[in-house]
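Peer 1: let me see the structure of the following:
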Amino acid sequence: MAKKPKEFNFEKSLTELEHLVNLMEQGDLSLEESLKHFEKGVALTRACQKALAEAEQKVQILLEKTDNDVLAPFSENGQSE
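Peer 2: Residues are numbered from 1 along each chain as shown. Below you'll find the model as predicted:
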């Protein structure tokens with residue numbers, strides 16, 4: 001039975017990346033630990049960049065589909081003005 005790919009959580013990954021940066025900025029890690037955290041940080045950064053690029057592509061597709069539609073200004077109550 002094939003494993004289902006793990007769903008990417010952007011917010012969780014960003015929080016983890018911030019945590020890694022904070023740990024490394026403190027300067028209390030060994031070189032080996034710093035490299036391990038740096039490697040993990042690079043992987044998280046790439047995953048976040050990929051997720052953002054995919055989201056941007058989806059937005060572009062949606063905007064192209066609604067190109068002929070007139071967009072109304074957004075109001076605070078969620079209704080078009």
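Peer 1: hey, let's count contacts and neighbours off CA atoms from now on
Peer 2: Noted.
Peer 1: packing partners of the longest helix seen in the chain?
Peer 2: The helix that spans the most residues within the chain, counting by DSSP state H, is helix 31-65. Here helix 31-65 touches helix 10-26, going by 3 or more C-alpha pairs under 8 Å, 6 or more residues apart in numbering; DSSP states H and E.
Peer 1: contacts for the helix it packs on?
Peer 2: For helix 10-26, contacts defined as C-alpha atoms under 8 Å, 6 or more residues apart in numbering pick out Leu29, Ser34, His37, Phe38, Gly41, Leu44, Thr45, Cys48, Ala51.
Peer 1: now the angle between helix 31-65 and that helix, please.
Peer 2: With axes from the mean of the first three to the mean of the last three C-alpha atoms, to 10 degrees defining the directions, helix 10-26 sits at 150 degrees from helix 31-65.
Peer 1: low pLDDT regions in this protein?
Peer 2: Within the chain, the stretches with pLDDT under 70 are 1-5, 67-72, 74, 76-81.
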